[in-house]
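Q: Quick one, structure for this:
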Amino acid sequence: MYKNLAAALAAACLLLSPAAHSQTTASEPFKAGFVYVAPITDAGWVRQHEDARRAAQAALGDRVKTAYVENVAEGADAERVIRDLAATGHKIIFTPSFGYMEPTLRVARDFPDVKFESITGYKTAANVAAANARYYEGRYLAGIAAGRMTKTNVAGYVAGFPIPEVLQGINAFTLGMRSVNPAAQVKVVWLDVWFDPPRERDAAMALFNQDVDVIAFHTGSTAVMAAAQERGKMAVAYHSDMRKVAPDAQIVAVTHQWGDYYLRRIRAAMDGSWKSGNVWGGVREGMIRVGDFGPRVPAAVRDEVLARQRDIAAGKLHPFHARQAVRDNEGRPVIAAGQTLSDEQILGMNWLAEGVQGRVAR
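A: I've put the predicted structure just below:
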């Protein structure tokens, strides 16, 4: 009797010991969380991040368990969701929206053992890394295609907010257009929202009524592409290949690729090698890609765009290098002849290039 009781007590102590606890938790999957600013749809900003999450989950198998929360508004809602993920054992949390940056930082202060990835943010901390892609490189290349394809010399651009990332895209697109078509103009409509399909569609339709025959956008849905398809216009897809929505309208797509980055960062968090930092990758790093040409694009235009993409990857072409002086649309010089903007200048961009019809709220 005493022998059996002693064995039972020994077994109980073993189960409660730190070593036994570590053996139990070691077999549990590593938890990674994702917060999405809009619903998951077939294409768009969130779709690219969801595809990256799935790719990381597939690559790591049972060793990791990923979870996501979709359609989370920036601000207080985001902080609540991020905090809940941290409190429920998620060891790395990805927050891919600019407006998530401050909520991420606030939650990170209360969870120093959790790693956070502020995607499109720029502020870091000991347990908060920032990462973004050089979308402007793809925008410049899309501008070349638009400049070659337009018949009216007027392009449209439906934009969310006038933050530097969006301004970089509008300016690079315009400079790309005007590099092959100096007469090109770009009309901008600001929405002050990232995801609102009815308003995105209405803005596109309004631009089509103003001689616009090719359109680009920086919002979260496929509404602009669908509008272009409906009106028989041309469009540049963003985030994802959108030929499924606009098979005739799409001339090219600017896509961002997050799968490799997410996989590397989850692995680093799992093996203890994760470090904070600030990554800004583009065509060279495989984070930005231009392709998925539509059927109406001539081979010569496709070949030109792909050649310029190779030039960017090789460091031979920079969208914000000025062969001739570049002015903003109010006549002020912004890039001197022969000069290239530094990363710091690009990240702080607060102007619209000559050829853009629109204003930046100051």
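
Q: What ranges does the stretch 1-150 of the chain have for its helices?
A: With DSSP state H, counting those that start in this stretch as the criterion, the stretch 1-150 of the chain has helices at 2-16, 18-26, 45-60, 76-87, 101-110, 135-149.

Q: The helix or strand that the last one is followed by pairs with which strands?
A: This means helix 135-149. Remark: after helix 135-149, the chain's next helix or strand is strand 154-159, criterion DSSP states H and E. With DSSP bridges as the test, strand 154-159 is paired with strand 185-190 (parallel), strand 214-218 (parallel).

Q: ok, now how distant is residue 325 from residue 172?
A: To residue 172, residue 325 is 17 Å away according to Cβ to Cβ, to the nearest Å. In this view, the C-beta of every residue, glycine as well, is placed from N, C-alpha and C.

Q: more crowded one of these two?
A: residue 172 (25 against 13; other Cβ atoms under 10 Å).

Q: The more buried one in helix, strand or coil?
A: helix (DSSP: H, G, I helix; E, B strand; the rest coil).

Q: And stretch 336-349, what's buried?
A: Buried residues in stretch 336-349, counted by 16 or more other Cβ atoms under 10 Å: 341, 346, 349.

Q: Now residue 120: closest residue in space, sequence neighbours ignored.
A: Nearest residue to residue 120 in three dimensions, chain neighbours excluded: residue 98, at 4.6 Å (Cβ to Cβ, 6 or more residues apart in numbering).

Q: if I pick the one you found, what's in contact with it?
A: Contacts of residue 98 were listed using Cβ atoms under 8 Å, 6 or more residues apart in numbering, and they are 74, 120-121, 161, 163, 165.

Q: ok, and the most crowded of those residues?
A: residue 121 (24 neighbours).

Q: Hmm, residue 99 and that residue touching each other?
A: No - at 9.1 Å, residue 121 does not count as touching residue 99 under the criterion of Cβ atoms under 8 Å.

Q: Which ones among the buried residues of stretch 336-349 lie within helices?
A: Cross-referencing the buried residues of stretch 336-349 against helices under DSSP state H gives residue 346.

Q: out of the buried residues of stretch 336-349, which one sits closest to residue 260?
A: Proximity of the buried residues of stretch 336-349 to residue 260 (Cβ to Cβ) peaks at residue 346, which lies at 23.1 Å.

Q: Can you give me the neighbour number for residue 189?
A: For residue 189, the neighbour count with other Cβ under 10 Å is 19.

Q: pLDDT value on it, please?
A: Turning to residue 189, the model gives it a pLDDT of 96.

Q: which residues touch it?
A: Shown here is residue 189, whose contacts under the criterion Cβ under 8 Å, 6+ apart are 156-159, 203, 206-207, 358.
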